[in-house]
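**Q** here you go, sequence then predicted model.
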Amino acid sequence: MKQDMIVILDLGSTVNTEVARKIREMGVYSEIHPHDISLEELKKLENVRGIVLNGGENRIVDGAAVEISPELYDCGCPMMAIDHPTAKCDRKLDALPEDAVLREFVFDTCQAQANWNMKNFIEDQVEQIRRQVGDRKVLLALSGGVDSSVVAAMLIRAIGKQLTCVHVNHGLMRKNESESVIEVFRDQLHANLVYVDGTERFLGKLEGISDPEEKRKIIGSEFIRVFEEEARKLEGIDFLGQGTIYPDIIESGTKTAKMVKSHHNVGGLPEDLQFELVEPLKQLFKDEVRACGIELGLPASMVYRQPFPGPGLGVRCLGAITRDRLEAVRESDAILREEFANAGLDKKVWQYFTVVPDFKSVGVKNNARCFEYMVIIRAINTIDAMSATIERIDWDVLQKITDRILEEVENVNRVCYDMSPKPPSTIEFE
Ligand SMILES: Nc1ncnc2c1ncn2[C@@H]1O[C@H](COP(=O)(O)OP(=O)(O)OP(=O)(O)O)[C@@H](O)[C@H]1O
């Protein structure tokens, strides 16, 4: 292990991640652990230079105030308590301190080195992955999204051909998305990549299904089925790589905070396909995952891509999916992304996409009546996806996108801009 570490023990604080981030921003690695960690477990963590006892409003659990195991006070590391009145250490603060105070604790009291950087992190992870996996094999579901792509790049660096990636094209990918997964991972990084074109299979199952929940369920369960079939074809796989990141773990609930959402992954695989997990990003925040991807040599377009729903374009082709409308969603989305990049909006707007509803309207093309679909453009900004505001797009940019969609996308005679914030609307339509 190359990095010094400050351990944050969660004694009911609501700002554990904030403290962890502040310390990491000083160049020192930090991890949040539960308050009831034992001395033995603490000793297993490498290079611990200091401990922050982080108390706060969630300090009462099941009627009792949480406390660390008393033997931890004698572990030999400097300690600082924040908003934890019953702490038995010298350094006790009422609230989250100024950066200067935290800095003094980290560097002067704990004598930690500012040696947390992506290069060292990757070297540490590579070493740990090699130790965990040995000469055995790992399977990874590679969506082309940020998390699974960075895991893939990390595993390729650590174990090369002992990794097999499976990419499933469910027919609902954006334009050129599966192609770029193949190009980056098979052609540039020389990964073992199994590419499954499941377009017919997925679209067949989805035929005539208009209920959004049912569509999502079909796509999710069909994905597990395809992945399972591929896993069974491969021999001697012991591990499953997974793009779990730090917020997934924190959001799944610490011992003092309530669960925000269940930690999502390639769950749902049958019992007999029990793999051990390899999760090399589970200590990283999203922006750190991106930095890690860049350091591993992934293209910026992959690492900085905007969020994309698991069921893909399927939830943007509203109602029962038809191939002509799916094509209209895909082509209009590609035009929107291209023009947003040309206007520099790709770096400014959080999420932008097009939607095609399942009804037609009357129009005129080539001096004749036409009856065709409409494209709705949506562009929103948000911090936490809980609420969102719409982007006020420059009129000329909007005009150019509209002209191109009407000119280039088949079966479309109308373009609208969605003005609705969240709430009352959601970000996606389905
Ligand atoms: N089309 C696909 N092919 C292969 N694996 C997939 C595919 N879609 C999803 N997965 C797997 O399921 C995981 C969870 O998918 P989800 O859509 O929730 O994305 P995510 O958590 O944002 O991760 P990512 O950024 O890797 O897409 C992915 O990390 C990936 O391992």
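**A** That came in fine, so what should we check first? Residues are numbered from 1 along each chain as shown.
**Q** in this structure, which residue sits closest to the ligand?
**A** Gly145 (2.1 Å; C-beta to the nearest ligand atom). (Each C-beta comes from the backbone N, C-alpha and C, glycine too.)
**Q** enumerate every residue touching that residue.
**A** Gly145 sits next to Gly243, Arg305, Phe308 when contact means C-beta atoms under 8 Å, 6 or more residues apart in numbering.
**Q** what's the burial count for the last one?
**A** If I follow you right, that is Phe308. 17 (other C-beta atoms under 10 Å).
**Q** secondary structure and pLDDT for the contacts of Gly145 - can I get that in CSV?
**A** Converted to CSV, those look like this (DSSP: H, G, I helix; E, B strand; the rest coil; pLDDT from 0 to 100):
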residue, secondary structure, pLDDT
Gly243, coil, 92
Arg305, coil, 89
Phe308, coil, 91
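**Q** list phi and psi for the residue of the chain closest to the ligand.
**A** phi -70, psi 170 (degrees, to the nearest 10).
**Q** same question for Ala64.
**A** The phi/psi pair for Ala64 (degrees, to the nearest 10) is phi -120, psi 150.
**Q** check the gap between the residue of the chain closest to the ligand and Glu177 for me.
**A** 10 Å (C-beta to C-beta, to the nearest Å).
**Q** equivalent analysis for Val303, please.
**A** Distance, Val303 to Glu177, by C-beta to C-beta: 14 Å.
**Q** before we move on, what about Arg216?
**A** From Arg216 to Glu177 the distance is 19 Å (C-beta to C-beta).
**Q** more crowded one of the two?
**A** Set Arg216 next to Glu177 and count neighbours by other C-beta under 10 Å: Glu177 wins out with 21 against 16.
**Q** what is the neighbour count of the spatially closest residue to the more buried one that is not a sequence neighbour?
**A** Computed as C-beta to C-beta, 6 or more residues apart in numbering, the closest residue to Glu177 that is not its neighbour in sequence is Gly144, at 5.6 Å. Using other C-beta under 10 Å, the number of residues around Gly144 comes to 22.
**Q** contacts only, for Gly144.
**A** Gly144 touches His167, Met173, Glu177, Ser178, Ser180, Val181, Met302, counting by C-beta under 8 Å, 6+ apart.
**Q** can you tell me the SS state at it?
**A** coil (DSSP: H, G, I helix; E, B strand; the rest coil).
**Q** any idea which element Ser30 lies in?
**A** For Ser30, the host element (DSSP states H and E) is strand 29-34.
**Q** what's that strand in contact with?
**A** Counting by C-beta under 8 Å, 6+ apart, residues outside strand 29-34 touching it are 3-10, 16-17, 19-20, 23-24, 41-42, 45, 115-116, 121, 250, 254-256, 283.
**Q** one more: stretch 305-325?
**A** Identification of contacts with stretch 305-325 by C-beta under 8 Å, 6+ apart yields 143, 145-146, 170, 172-174, 203, 206-210, 212, 215-216, 219-220, 223, 326, 329-330, 333, 346, 350-358, 373, 410-411, 428-430.
**Q** so is it next to the ligand?
**A** Yes: using C-beta under 6 Å from any ligand atom, stretch 305-325 reaches the ligand at Gly310.
**Q** what is the end-to-end distance of that stretch?
**A** Start and end residues of stretch 305-325 are separated by 24 Å (C-alpha to C-alpha, to the nearest Å).
**Q** in that stretch, which residues are buried?
**A** 305, 308-309, 311-319, 321-322, 325 (16 or more other C-beta atoms under 10 Å).
**Q** so how far is it off the chain centroid?
**A** Here the centre of stretch 305-325 is set off from its chain's centre by 19 Å, with C-alpha atoms, centre = their mean, to the nearest Å.
**Q** just stretch 122-136 next, same as before
**A** That offset, for stretch 122-136, works out to 22 Å (C-alpha atoms, centre = their mean).
**Q** let me see the residues that make contact with that stretch.
**A** 1-3, 154-155, 157-159, 162, 236, 238-239, 278, 280, 292, 295-296.
**Q** returning to that earlier point: now the contacts of strand 29-34: which count as buried?
**A** 3-10, 16-17, 19-20, 23-24, 42, 116, 121, 250, 254, 256, 283.
**Q** quick check: Cys110 vs Ile390, distance?
**A** From Cys110 to Ile390 the distance is 46 Å (C-beta to C-beta).
**Q** do the same with Thr17
**A** 28 Å.
**Q** again, but for Ala114
**A** Ala114 is 41 Å from Ile390, by C-beta to C-beta.
**Q** so for those two, which sits in the more crowded spot?
**A** Ile390 (17 against 13).
**Q** now the strands for the stretch 51-200 of the chain?
**A** 60-61, 64-65, 79-82, 91-93, 137-141, 163-169, 192-197 (DSSP state E, counting those that start in this stretch).
**Q** hey, where'd the helices end up in the stretch 151-300 of the chain?
**A** 177-181, 199-206, 212-233, 246-251, 286-295, 300-303 (DSSP state H, counting those that start in this stretch).
**Q** in the third one, what's buried?
**A** So the one you mean is helix 212-233. Those would be Pro212, Lys215, Arg216, Ile218, Ile219, Glu222, Phe223, Val226, Phe227, Glu228, Glu230, Ala231, for helix 212-233 by 16+ other C-beta under 10 Å.
**Q** the second one against Gly208, yeah?
**A** The reference is to Lys215. No: using C-beta atoms under 8 Å, Lys215 is not in contact with Gly208; the gap is 10.8 Å.
**Q** which bits of the chain sit near the ligand?
**A** So the chain meets the ligand at 141-143, 145-148, 166-168, 170, 243, 264, 266, 310 (C-beta under 6 Å from any ligand atom).
**Q** out of the residues you listed, which are buried?
**A** If you count burial by 16+ other C-beta under 10 Å, the buried members of the residues of the chain next to the ligand come out as 141-143, 145-148, 166-168, 170, 243, 266.
**Q** and which of those residues is nearest to Asp396?
**A** Val146 (31.1 Å; C-beta to C-beta).
**Q** that closest one touches Val303, doesn't it?
**A** Yes: applying C-beta under 8 Å, one finds Val146 in contact with Val303, separated by 6.1 Å.
**Q** overlap in contacts of these two?
**A** Arg290, Gly293.
**Q** next one: phi and psi at Met26?
**A** Dihedral angles for Met26 - degrees, to the nearest 10 - are phi -80, psi 0.
**Q** what's the local residue count around it?
**A** 17.
**Q** that one against Asn117, yeah?
**A** No: counting by C-beta under 8 Å, Met26 does not reach Asn117; the two are 11.9 Å apart.
**Q** contact partners for the residue nearest the centre of the chain?
**A** Within the chain, the residue whose C-alpha comes closest to the C-alpha centroid is Asp147; the distance, by C-alpha atoms, centre = their mean, is 5.2 Å. Residues in contact with Asp147, defined by C-beta under 8 Å, 6+ apart, are Gly243, Thr244, Ile245, Leu281, Val289.
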